[in-house]
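In: below are the sequence and a predicted model for it; my questions follow.
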Protein chains: 2
Amino acid sequence: MELRSFITVDEAIRKGRTYCPKIVHKKFPLIEGVGRYSMQEVISPSDFPKTDRSAMDGYAISSKDSISSSRSNPSVFSIVGELYPSSKSSISVKKGQAVKVMTGATIPGGTDSVVMFEETQAEGKILKVFSPVRKFQNISRRGEDMKKGLRILKKGQLITPPHVAALSECGKKSVSICSLSIGILSTGDELISRQVINSTQPLLKAYFDRKGFYAKEYGSVEDDEEKIERRLTEINEDVIIVTGGTGPGDRDFLPYIIEENGKFVFRGLRIRPGRTTSFGWFNGKPIFMISGLPVAALIASENVILRMIESWFNLIPERKEYVEGVLQRSVVNTLGFRSFVRVKVIEEHGSRKVVPTRTTGSGVIYSVIDADGILTIDENSEGLEEGQTVRVEMLRW
Amino acid sequence: MELRSFITVDEAIRKGRTYCPKIVHKKFPLIEGVGRYSMQEVISPSDFPKTDRSAMDGYAISSKDSISSSRSNPSVFSIVGELYPSSKSSISVKKGQAVKVMTGATIPGGTDSVVMFEETQAEGKILKVFSPVRKFQNISRRGEDMKKGLRILKKGQLITPPHVAALSECGKKSVSICSLSIGILSTGDELISRQVINSTQPLLKAYFDRKGFYAKEYGSVEDDEEKIERRLTEINEDVIIVTGGTGPGDRDFLPYIIEENGKFVFRGLRIRPGRTTSFGWFNGKPIFMISGLPVAALIASENVILRMIESWFNLIPERKEYVEGVLQRSVVNTLGFRSFVRVKVIEEHGSRKVVPTRTTGSGVIYSVIDADGILTIDENSEGLEEGQTVRVEMLRW
């Protein structure tokens, strides 16, 4: 891997976005779609609610009839019926009449407001109302929740619990999601001899599952060209991630395997950590080659693999959360590289301190647990100075 | 339900926190613990890394031997061996000697730094080094990731993907989590007659699953005392949520059932929406009774049920994200009540506008999909004025 052939993340996404895996987007039960990305748009088929409905338990009346009501001088109505959300027939009332309505019941004709039980007193068929109500008070208007034709769910949008409610409301029981599956294989004699514990593979599995995809662990394989090739061929998922074997060291057979069975799209990125991150095409499938060290692997997953997946399927990225604070220690950057620095964010007497936890060490996973956010230093910067106000992306898993 | 017996959310949590369900915290495979709450502490059993290791592919040398190196005047070393992360034996070197090391290999005795391949040239056993290295450069120091005795995971902490890596590193394959199960039953003739679609039950299932618990849908039951009681008795989970049947209306049998089989801890809360939220004890289990309307149910779930669960098990709440902005429309509050107002947050020319999407309507679920955040108005406030700077809690699912 030649340093001069390294490209920026943005170039990498541009180059890689046409190498999209072919996947069939299947329908899944609505509940299983939560936390995953929708591959369809959902449009409201009608107004919701379908009629004007009571938003309270109380009495439906004409607001005009209640204008001068007070505790000492209540308006008086005659109760002519009652309606439940389950009532199928409708009622129409005249001036001075009231209908008892439960929350969700369709409002009877001739009424335009609901007075809460607490503001009334009923004796037999006689109702006293103690305070005036405004027109449409305590009424959910037809179409107030969702108008016919409203786009409830966008293509590429992350499905949330409220979407489940809105889609259920429309009678939808299933949804088409991005069911991308990711197979993860780790290479390295040190993993087979158990000199080094493979903590990176479960990390990546957890990360991509949590992001809404289907990650599967394919275990470890020693540094042996034939074995690696066979194990890669056995991966029965849409995308392959292989960790380790990407460095300039002697025992790295991956480049030969890729070039025999496909090609490289890029080799090496101008990011720190994660500079060995590569991407190619293997037997008709996209393959990411990333460091076996957990932090470098995580940084590559967040900033390269996830972004590439978003770009393939036009997924709408989750909103990021940023805070500003004062940098407590200078951080240097290699010009032309983008650095991702883990930081702690400390709120103190109304001001915010940003403390880099580490600037090196792509294996030090605890620095991620301990960090509150990530400070990104762009390619054209030589670093950030102590005392400078910086913008930090807060971590959320 | 008497308005004067309504209590505040804070009082509700204080009253309810002793009514904790008895659950057995089982061990789960590490990966299944992600996104759930740990019920155990995990302490690092040793230093990680266990030895000083190379953080790069390169040559281990003594930094002192490289002081005056440059392209034109390289330092010269003799290569006396090579080490991989899987190498079991160790080497010790003398002045002027170098050992080829792969990332992760234990550093040989007599060396204190690693020079990257890119800064060297090797011919046979002769190595030229083109730039000086600092002491410990490109070395991951023993214990630099985690020191023996470090608390990696707290009791009550949400388990994240980095925790999976750190716990794997320590040889942990399972973790004890809060495996609280929640059974949800909906009441209402309108659900059985299908006049109203039960969108609240899948909403709550999705919400509590996503928050790290095990929610199960128990379907709907008509407004019939005997049937409701039987269906409640059949719920085989740690906590019960029942929706509907909590209002002051005639057909609400829930109060009788609770008083026959247990007791109320509180009835009605000073919150809007969600004022009918109640809590009690039913056949030895905690039971929440909340509105059947989706938004009121969601507000009660976030602000009462989730907070109660956190308080029962001393869970560390997820960090909340707040932003400040200028309120675009006045919002009134009933003194003594806490209002939860859904708002859109619009960034414009560097300033931030906060626009209430709705102030009423506990059924309007689209207002939640469409909202960016929640504006909380406290009990002692009569409302917020247009033009006021307000703090908004951003929604994240």
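Out: Looks like it came in fine.
In: ranges for the helices of the stretch 51-200 of chain A?
Out: Ranges of helices within the stretch 51-200 of chain A are A:161-169, A:189-192, A:200-210, based on DSSP state H, counting those that start in this stretch.
In: now the shortest one, how far from the chain's geometric center?
Out: So that's helix A:189-192. In terms of CA atoms, centre = their mean, to the nearest Å, the centre of helix A:189-192 is set 35 Å apart from its chain centre.
In: helices or strands up against that helix?
Out: The contact analysis (3 or more CB pairs under 8 Å, 6 or more residues apart in numbering or on different chains; DSSP states H and E) places helix A:189-192 against strand A:214-221. Yep, even glycine has a C-beta here, placed from its N, CA and C like the rest.
In: how about the helix or strand that the strand it packs on is followed by: buried residues?
Out: Counting by DSSP states H and E, the element after strand A:214-221 in chain order, helix or strand, is helix A:225-233. By 16 or more other CB atoms under 10 Å in any protein chain shown, the buried positions in helix A:225-233 come out as A:228, A:229, A:231, A:232.
In: using a markdown table, lay out the helices of the stretch 51-200 of chain A together with mean neighbour count.
Out: Output for these, formatted as a markdown table (neighbours: other CB atoms under 10 Å in any protein chain shown):
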| stretch | mean neighbour count |
| --- | --- |
| helix A:161-169 | 26 |
| helix A:189-192 | 22 |
| helix A:200-210 | 25 |
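In: ok, of those helices, where does mean pLDDT dip lowest?
Out: In terms of average pLDDT, helix A:189-192 trails the rest of those, at a mean of 86.
In: which outside residues touch it?
Out: A:196-198, A:220-223, A:244, A:251, A:292, B:84-86, B:104 (CB atoms under 8 Å, 6 or more residues apart in numbering or on different chains).
In: does any part of stretch A:108-115 sit near chain B?
Out: No - Stretch A:108-115 stays clear of chain B (CB under 8 Å from any CB of the partner chain), getting no nearer than 11.5 Å.
In: closest residue of the stretch 1-150 of chain A to chain B?
Out: residue A:85 (3.4 Å; CB to the nearest CB).
In: what about that residue, how many neighbours?
Out: Residues lying near residue A:85 (other CB atoms under 10 Å in any protein chain shown) number 21.
In: need the pLDDT of residue A:372.
Out: Taking residue A:372 on its own, its pLDDT is 92.
In: sketch out the low-pLDDT regions of chain A for me.
Out: The model of chain A has pLDDT under 70 over residues A:1, A:246-251, A:358-364.
In: quick one, what contacts the residue nearest to residue A:309 when sequence neighbours are not counted?
Out: Leaving aside its sequence neighbours, residue A:309 sits nearest to residue A:180 (CB to CB, 6 or more residues apart in numbering or on different chains; 6.5 Å). With contacts defined as CB under 8 Å, 6+ apart, the neighbours of residue A:180 are A:21, A:23, A:213, A:214, A:238, A:239, A:309, A:313.
In: cool, residue A:4 as well?
Out: By CB under 8 Å, 6+ apart, residue A:4 has no neighbours at all.
In: looking at this, it is in a helix?
Out: Yes - assigned with DSSP: H, G, I helix; E, B strand; the rest coil, residue A:4 falls within a helix.
In: any idea how far residue A:276 is from it?
Out: 15 Å (CB to CB, to the nearest Å).
In: circling back to that earlier point, tell me the spacing between the residue nearest to residue A:309 and residue B:106.
Out: From residue A:180 over to residue B:106 the distance is 39 Å, taken as CB to CB.
In: and residue A:365, by the same measure?
Out: According to CB to CB, residue A:365 and residue B:106 sit 19 Å apart.
In: with neighbour numbers in mind, choose between the two.
Out: Neighbour totals were compared for residue A:365 and residue B:106, and residue A:365 leads with 30 against 23 (other CB under 10 Å).
In: quick check: closest non-adjacent residue to whichever residue of the stretch 101-250 of chain A sits closest to chain B.
Out: In the stretch 101-250 of chain A, the residue found nearest to chain B is residue A:190; the distance is 3.4 Å by CB to the nearest CB. Nearest residue to residue A:190 in three dimensions, chain neighbours excluded: residue B:85, at 3.4 Å (CB to CB, 6+ apart).
In: residue A:163 too?
Out: Closest to residue A:163 by CB to CB, 6+ apart is residue A:153, at 5.6 Å.
In: what does residue A:322 give?
Out: In space, and not counting its chain neighbours, residue A:322 is closest to residue A:391: 5.2 Å by CB to CB, 6+ apart.
In: in stretch A:110-127, what counts as buried?
Out: For stretch A:110-127, the neighbour count (16+ other CB under 10 Å) marks A:111, A:112, A:113, A:114, A:115, A:116, A:117, A:119, A:120, A:127 as buried.
In: hmm, the longest strand anywhere in chain A touching chain B?
Out: In chain A, taking DSSP state E as the definition, the longest strand is strand A:338-348. No - looking at strand A:338-348 against chain B by CB under 8 Å from any CB, there are no contacts, and the closest approach is 10.2 Å.
In: stretch A:276-286 now?
Out: No - using CB under 8 Å from any CB, stretch A:276-286 stays clear of chain B, with a minimum separation of 9.3 Å.
In: tell me how far that stretch lies from the chain's centre.
Out: The chain centroid and the centroid of stretch A:276-286 are separated by 26 Å under CA atoms, centre = their mean.
In: kindly report the same for stretch A:236-244.
Out: Between the centre of stretch A:236-244 and the centre of its chain there are 23 Å (CA atoms, centre = their mean).
In: with stretch A:31-50 instead?
Out: Relative to its chain's centre, stretch A:31-50 lies at 15 Å (CA atoms, centre = their mean).
In: how about stretch A:3-22?
Out: From the chain centre to the centre of stretch A:3-22 is a distance of 24 Å (CA atoms, centre = their mean).
In: equivalent analysis for stretch A:203-219, please.
Out: The chain centre lies 15 Å from the centre of stretch A:203-219; the measure is CA atoms, centre = their mean.
In: quick revisit: spatially, which two of the contacts of residue A:180 are the most separated?
Out: Farthest pair in these (CB to CB) is A:214 and A:313. Separation: 13.8 Å.
In: burial of residue A:244, as a residue count?
Out: Residues near residue A:244, counting by other CB under 10 Å: 32.
In: give me the neighbour count for the residue nearest to it when sequence neighbours are not counted.
Out: The shortest distance from residue A:244 to any non-neighbouring residue, by CB to CB, 6+ apart, is to residue A:292 (3.4 Å). Look at residue A:292: counted by other CB under 10 Å, it has 29 neighbours.
In: residue A:292 reaches residue A:243, doesn't it?
Out: Yes - counting by CB atoms under 8 Å, residue A:292 touches residue A:243, with 4.3 Å between them.
In: okay, now the domains of chain A?
Out: In terms of domains, chain A is parsed into A:3-23+A:180-313, A:53-140, A:322-394 (source: automatic domain parsing).
In: how far off centre is the last one?
Out: What that stands for is domain A:322-394. Per CA atoms, centre = their mean, the centroid offset for domain A:322-394 relative to its chain is 24 Å.
In: what of stretch A:256-267?
Out: 32 Å.
In: could you do stretch A:115-125 as well?
Out: 47 Å.
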